[in-house]
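[1] Task: produce atomic coordinates for the following.
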Amino acid sequence: MEPWTNWAGTASARPRRVHRPASTADLCEIVTEVAEHGGRIRPLGSGHSFSPVAATDNGTDAIDLGAFSGIVSADVESGLVTVRAGTTLRDLNTLLASLGLALTNLGDIDAQTIAGAISTGTHGTGARFGGLATQVEALELVTADGSVVTCSSTENSKLFDAARIGLGALGVISTVTLRCEPAFVLEAHESPQPLDCVLAEFHDLADGTDHFEFYWFPYGRNALVKRNTRHPAGTPARPLSPVRRFLDYTLMENGAFGGLCRLSRAVPRLTPTLGAFASSALSSRHYSDASHRVFTTLRMVRFVETEYAVPRESILDVLAELRALVPRLHHPVAFPVEVRVAAADDIWLSTAYGRDTAYVAVHQYVGMPYEEYFAEFARIAASVGGRPHWGKMHPLGADKLRRLYPRFDDFRRLRAELDPHGVFGNAYLDRVLGPRS
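    Presented below is the predicted three-dimensional model:
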């Protein structure tokens, strides 16, 4: 088979076979056949995880759910929408908009499948809002014996608490039922502000804004602050003109910024100067649009990424250490740092389990050295109990992760019960969850 590689080029695999089910019955048949022959199988998703969570081991089968997509049912009045696992967030947003519905919160990339996004803990930002998995009302999974199991807060509730962020370790998700809300408009204020001022006002900005985040360009004094305010259904949108959107997002944030990154990679000593220039060249935007058009952003410049969820009360200390770290690195950093917030939740392997959370994501342009940067940031995050994003690069194994998640062993026991022979295993799960017990 042709090799599979994720979007960032940080994980690859050569599956023995790639199965493309078109129905739940197909999926059950595929899993049963693999399990009966003592094999392993992994759903590939869209390849937008930076970690090898979706990668197959050599000789392992893979499932491509691209043909298993679309809405199964929708109740516009209640907002409950059941969608097939292979539906991308981009397609889902379009389908929901046609029904007058929207997801409550989103991250800034919409290429992921719905199953992959929830399984790895994809999140957006907002102090009152949880990650994408908190919007899930029910799941249908195909388990290792080929049977179909449904779960919700009232049916198989322990499985529900585990499987909403299940890493693909408990079964292959076939459908996801989401609680959506009436379509709404987001008003976006994006502006450069001195980083010191942003940090001084961080908690006020996070608490006083529906969806708040900022990007800090290392070597620069400014941060790009994004504040998105929710408006009710029926509020007229005032979107950017097509020309302004092209200039700001396609030409500047992707074309021009990509050029700066390529120059940094070719001449690393210029990186601090280029980073300071990028920081000083940030511009302001004020517009409003359908929520999914504001939440998500076109990403054409490739990068590698690690992200840690830290207790929100620790965020300023973490960022102070990170600012002190960057000038000491042997290799400069070409990409900005992204900072977001989220409310606590009760999902067993959620990075926000049991605590209000701040997320710090550090990036490096693809092809530039990142190992020292990521390792040192991991050390900073570890000092405050930081939890790594499951879909992003990190070095932690089961022994350390167990200390970070109160329900970690409960998850492992459930996995052992549902998949005693490791049908859904791979090397990544063996590392982060440990041997099955």
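[2] show me where pLDDT drops low in the stretch 51-200 of the chain?
    Low-confidence segments of the stretch 51-200 of the chain (pLDDT under 70): none present.
[3] ugh, typo on my part, it should be the stretch 301-437 of the chain
    Using pLDDT under 70, the flagged stretches of the stretch 301-437 of the chain are 436-437.
[4] What ranges does it have for its strands?
    Ranges of strands within the stretch 301-437 of the chain are 303-311, 337-342, 357-365, 387-388, based on DSSP state E, counting those that start in this stretch.
[5] and what of the stretch 1-150 of the chain?
    Using DSSP E, counting those that start in this stretch, strands in the stretch 1-150 of the chain cover 4-5, 12-13, 18-19, 41-43, 61-63, 71-75, 80-84, 101-102, 136-142, 148-152.
[6] Now render the ones you listed as CSV, adding distance to R323.
    Where C-beta positions appear, they are placed from N, C-alpha and C, glycine not excepted. Converted to CSV, those look like this (distance: least, Cβ to Cβ, whole Å):
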stretch, distance to R323
strand 4-5, 34
strand 12-13, 34
strand 18-19, 45
strand 41-43, 39
strand 61-63, 41
strand 71-75, 45
strand 80-84, 41
strand 101-102, 36
strand 136-142, 36
strand 148-152, 43
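[7] can you put the ones you listed in a markdown table and add distance to T113 and mean neighbour count?
    Output for the strands of the stretch 1-150 of the chain, formatted as a markdown table (distance: least, Cβ to Cβ, whole Å; neighbours: other Cβ atoms under 10 Å):
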| stretch | distance to T113 | mean neighbour count |
| --- | --- | --- |
| strand 4-5 | 15 | 16 |
| strand 12-13 | 17 | 18 |
| strand 18-19 | 15 | 16 |
| strand 41-43 | 8 | 25 |
| strand 61-63 | 11 | 24 |
| strand 71-75 | 14 | 15 |
| strand 80-84 | 9 | 21 |
| strand 101-102 | 18 | 23 |
| strand 136-142 | 14 | 23 |
| strand 148-152 | 19 | 17 |
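[8] Can you say which of the ones you listed is nearest to G126?
    strand 101-102 (14.1 Å; Cβ to Cβ).
[9] So what are the sheet partners of that closest one and their directions?
    When pairing is defined by DSSP bridges, strand 101-102 lines up against strand 181-182 (antiparallel).
[10] what's the strand it pairs with in contact with?
    For strand 181-182, the surrounding residues in contact (Cβ atoms under 8 Å, 6 or more residues apart in numbering) are 79, 100-104, 232-233.
[11] Quickly note the distance from the closest residue in space to H330 that isn't next to it in sequence to V185.
    Ranked by Cβ to Cβ, 6 or more residues apart in numbering and with sequence neighbours excluded, the top spatial neighbour of H330 is E372, at 6.0 Å. Relative to V185, E372 is positioned 43 Å away (Cβ to Cβ, to the nearest Å).
[12] Could I get the contacting residues of S350?
    S350 sits in contact with 121, 130-131, 133, 164-165, where contact means Cβ under 8 Å, 6+ apart.
[13] Return the backbone torsion pair for it.
    Here is the backbone geometry of S350 (degrees, to the nearest 10): phi -70, psi 140.
[14] Using JSON lines, lay out the strands of the stretch 301-437 of the chain together with distance to A281.
    Below are these laid out as JSON lines (distance: least, Cβ to Cβ, whole Å):
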{"stretch": "strand 303-311", "distance to A281": "19"}
{"stretch": "strand 337-342", "distance to A281": "17"}
{"stretch": "strand 357-365", "distance to A281": "17"}
{"stretch": "strand 387-388", "distance to A281": "32"}
